[in-house]
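Enquirer: following is a predicted model, sequence given first.
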Amino acid sequence: MPNKADLLKMNNITNEYNDFKAGYVAIVGRPNVGKSTLMNSFLQQKLAIVSPRPQTTRNKILGILHGKKHQIIFQDTPGLIEPKYLLQTSMKKSVMTSLDQADIIMVLIEAKGLKDNDHDVLTLTKSINKKKILVINKIDMIKKEQVLPLIDEMTKYDNYEAIVPVSALESTNLDELEKIIIEHLPMGMPFYPPDMISDEPERFFVSEIIREQIFLKFGQEIPYSTAVRIDDFKERPGRKDYIRSVIIVERESQKPILIGKGGKALKAIGASSRLAIEKFLDRPVFLELHVVVQRKWRKNAVAIKRLGY
């Protein structure tokens, strides 16, 4: 992460800001606890991909929420687990980097109760001497009278600045959570200009949208064995943008599954991806998809780095 002086210079932010607050908020928790949904709900825009399957998020994704007197820089992170292969090791390093950079750590748990991975997250974050807010997500899935006892139970885990029950999916209580975040942000000038919502390029989000469709359309190991690479991205004034993307799989046996009989499965991925990409970019695109095999790429350090993990 560039230091504040570099960011201000790079983004040409030179105005004087009185009583302004700005800082980084790392959103951490076990897989599938609702971190990406929470960030998307705050931004009122879908930046991070979402699926019902755990470990959908692989990268640290930055989302910037602008206010008149504040700038909250959310960092959506991969779910914290004990790594079993090199890609997951890279994902965990991404989480640890976010924790190190954060001004505030926002720890997410699920209202239905704690799981083993939650205890690992709570233990890790307890060891970090930073401001922490505990967020109890998915309160829409329990009865109202169950919320207060859960808040009381969680006070014993750490010295949280606040414990806030929310529903990220329904945007319940997010205004209150935002107020608490702002209260604990450090004073300072904004890091980014007001028209900037993320620091990632469009091609990153396009690749994520395609990967999301794979997660939504396939079960078992296929989504976890795939990566998406954008080989060409041309803006063509007066015509559809041209995007050529490659879906990478680990084994020869996975390739025909992704393509499907007569190319039916790949066409379905392409059709749904194109619609989602056009909605995100707000312009028409021509999307070309190909499937290639790169054996054991999740265990290959060079491949992982080239794919941006």
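Expert: Done, it's in.
Enquirer: show me where the chain has its helices.
Expert: Listed in chain order, the helices of the chain (DSSP state H) span 4-10, 35-43, 86-101, 116-126, 147-154, 174-184, 202-217, 254-259, 264-281, 301-306.
Enquirer: any stretches of the stretch 51-200 of the chain with poor pLDDT?
Expert: Residue ranges of the stretch 51-200 of the chain with pLDDT under 70: none are present.
Enquirer: which one of the helices of the chain is the most hemmed in?
Expert: Using mean count of other Cβ atoms under 10 Å, the stretch among the helices of the chain with the largest mean neighbour count is helix 35-43, at a mean of 23. Placement of C-beta: from N, CA and C, glycine included.
Enquirer: just the residues contacting that one, thanks.
Expert: With Cβ atoms under 8 Å, 6 or more residues apart in numbering as the test, helix 35-43 has contacts from 27-29, 46-50, 56-57, 61, 63-65, 72, 74, 76-77, 79, 108, 135, 137, 166, 168-169, 171, 174, 178, 197.
Enquirer: go ahead and build a PyMOL selection from the buried members of these.
Expert: Only the buried members of the contacts of helix 35-43 end up in this PyMOL selection, burial being decided by 16 or more other Cβ atoms under 10 Å:
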select buried, resi 27+28+29+46+47+48+49+50+56+57+61+63+64+65+72+74+76+77+79+108+135+137+166+168+169+174+178
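Enquirer: what number of residues lie near the nearest residue to residue 234 once chain neighbours are set aside?
Expert: Leaving aside its chain neighbours, residue 234 sits nearest to residue 242 (4.4 Å; criterion: Cβ to Cβ, 6 or more residues apart in numbering). Around residue 242 there are 14 other residues, counting by other Cβ atoms under 10 Å.
Enquirer: please apply the same query to residue 187.
Expert: 11.
Enquirer: residues contacting it?
Expert: By Cβ under 8 Å, 6+ apart, the contact list for residue 187 reads 19, 20, 21.
Enquirer: now, which of those residues lie within strands?
Expert: If you go by DSSP state E, the contacts of residue 187 have residue 21 in strands.
Enquirer: top of the contacts of residue 187 by neighbour count?
Expert: The most crowded member of the contacts of residue 187, judged by other Cβ under 10 Å, is residue 21 (21 neighbours).
Enquirer: bridged to it, which residues?
Expert: For residue 21, the beta-bridge partners are residue 70, residue 187 (DSSP bridges).
Enquirer: swap in residue 286?
Expert: residue 242.
Enquirer: what about it, distance to residue 239?
Expert: Remark: distance between residue 286 and residue 239 (Cβ to Cβ, to the nearest Å) = 8 Å.
Enquirer: more crowded one of these two?
Expert: Taking other Cβ under 10 Å, residue 286 and residue 239 do not tie; residue 286 has more neighbours (13 against 10).
Enquirer: test my guess that that one contacts residue 244.
Expert: No - Residue 286 lies out of contact with residue 244 (Cβ atoms under 8 Å); the separation is 9.2 Å.
Enquirer: any idea which residue sits dead centre in the protein?
Expert: Nearest residue to the geometric centre of the chain (Cα atoms, centre = their mean): residue 76, 3.9 Å.
Enquirer: any chance of the contacts of residue 187 in CSV, with pLDDT and distance to residue 256 too?
Expert: Shown next, in CSV, are the contacts of residue 187 (pLDDT from 0 to 100; distance: Cβ to Cβ, whole Å):
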residue, pLDDT, distance to residue 256
19, 88, 61
20, 94, 56
21, 96, 54
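Enquirer: same list, the contacts of residue 187, but as JSON lines with distance to residue 282 please.
Expert: Below are those laid out as JSON lines (distance: Cβ to Cβ, whole Å):
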{"residue": "19", "distance to residue 282": "35"}
{"residue": "20", "distance to residue 282": "30"}
{"residue": "21", "distance to residue 282": "31"}
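Enquirer: ok, of the contacts of residue 187, which one's closest to residue 309?
Expert: residue 21 (32.2 Å; Cβ to Cβ).
Enquirer: the closest one contacts residue 69, doesn't it?
Expert: Yes - applying Cβ under 8 Å as the test, residue 21 and residue 69 come out as touching, 6.6 Å apart.
Enquirer: ok, residue 128 - how many residues close by?
Expert: Residue 128: 16 neighbours (other Cβ under 10 Å).
Enquirer: what's near enough to touch it?
Expert: When contacts are counted by Cβ under 8 Å, 6+ apart, residue 128 touches 99, 105.
Enquirer: and the pLDDT for residue 4?
Expert: pLDDT, residue 4: 56.
Enquirer: let me know the outermost residue of the chain.
Expert: Within the chain, residue 262 marks the point farthest from the mean C-alpha position, 34.0 Å out by Cα atoms, centre = their mean.
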